[in-house]
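Engineer: Using only what follows, build the 3D model:
(one chain, ligands or ions: 1)
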Amino acid sequence: MHGLGNDFVVIDEIKNQNLVNKNLSDLAKKICDRRFGIGADGLVLLLPSEKADFKMRIINSDGSEAEMCGNAIRCVARYYVEKYNPAKKQLEVETLAGIIKPEVLENNMVRVDMGRPILKPQEIPVAVEEEPVNIPLEVLGQKFYFTAVSMGNPHAVIFVDSLAKIELEKYGPLIETHPLFPRKTNVEFVEILSPAKVKVFVWERGAGATLACGTGASAVVVAGRILGHLQEDVEVVLPGGSLFINWVFGESVYMTGPAEIVFKGEYFL
Ligand SMILES: N[C@H](CCC[C@H](N)C(=O)O)C(=O)O
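Structural biologist: Predicted structure coming up:
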């Protein structure tokens, strides 16, 4: 499945839990390999839940487990409704970032209540004392200013004049693994086109450059609104397409975008 080209292998273990004793990190690295495996940005596991419709775990292609994944939750919401309950459009999904609430719409679109952003440095986490807004960071002699936001997973949002000059593969991994981020971080470089539209390149924690990032798009709008650059409803243009984000201070972030099922199959461990 994919959301704007951010692709996942989804394994449904809601009825039968065959993988509980498997090393999910090794399995994800194997399955996500685009030559020796199926190929994906991440492995998504669906499991039963006692407090929600089901539980979603997301393992990045490097084997690390993330707290949440915006594109994946749109995909699994659509999958769950079509497989288990076509009449049910509003779901609750248990994740490491809490209960996330997707609503399946028409035309393969899904709208997700992503919950409230986390802005306290120690909860993001980012190793600064002050409010994590416009913090200077230098890598390879290049100075950036980031604003840190968590959507359950950490994001360093960097506004730049032009994305044309950004060497994502050079700076992305250095910021991802910078000591300021105890649990590493996702990295978003943002060019403002208007208060209602931004263009974003993403370097994802544990996955590298991806075509889209749902939690990243959400973090970008939160950072942009905190800095006074953006209005409440913003189109986030990513290499794979656009996500539509809404954020009112103090409320949940809402993300709307597509979810596509590419193929179904069997994988032999
Ligand atoms: N690599 C991310 C998880 C996937 C997030 C992204 N694919 C999204 O759509 O939110 C992390 O480690 O936080």
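
Engineer: which parts of the biggest helix by length in the chain are buried?
Structural biologist: When secondary structure is assigned using DSSP state H, the longest helix within the chain turns out to be helix 70-84. By neighbour count with 16 or more other Cβ atoms under 10 Å, helix 70-84 contains the buried residues 70-81. (Glycine included, C-beta is placed from N, CA and C.)

Engineer: Next, format those as JSON lines and append pLDDT and distance to residue 53.
Structural biologist: What follows is the buried residues of helix 70-84, written out as JSON lines (pLDDT from 0 to 100; distance: Cβ to Cβ, whole Å):
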{"residue": "70", "pLDDT": "98", "distance to residue 53": "18"}
{"residue": "71", "pLDDT": "98", "distance to residue 53": "19"}
{"residue": "72", "pLDDT": "98", "distance to residue 53": "15"}
{"residue": "73", "pLDDT": "98", "distance to residue 53": "12"}
{"residue": "74", "pLDDT": "98", "distance to residue 53": "15"}
{"residue": "75", "pLDDT": "98", "distance to residue 53": "15"}
{"residue": "76", "pLDDT": "98", "distance to residue 53": "10"}
{"residue": "77", "pLDDT": "98", "distance to residue 53": "9"}
{"residue": "78", "pLDDT": "98", "distance to residue 53": "13"}
{"residue": "79", "pLDDT": "97", "distance to residue 53": "12"}
{"residue": "80", "pLDDT": "98", "distance to residue 53": "7"}
{"residue": "81", "pLDDT": "97", "distance to residue 53": "10"}
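
Engineer: restrict those residues to contacts with the ligand.
Structural biologist: Among the buried residues of helix 70-84, the ones lying close to the ligand by the criterion of Cβ under 6 Å from any ligand atom are 70-71.

Engineer: hmm, back to that, after the longest helix of the chain, next one along is what?
Structural biologist: Counting by DSSP states H and E, the element after helix 70-84 in chain order, helix or strand, is strand 93-95.
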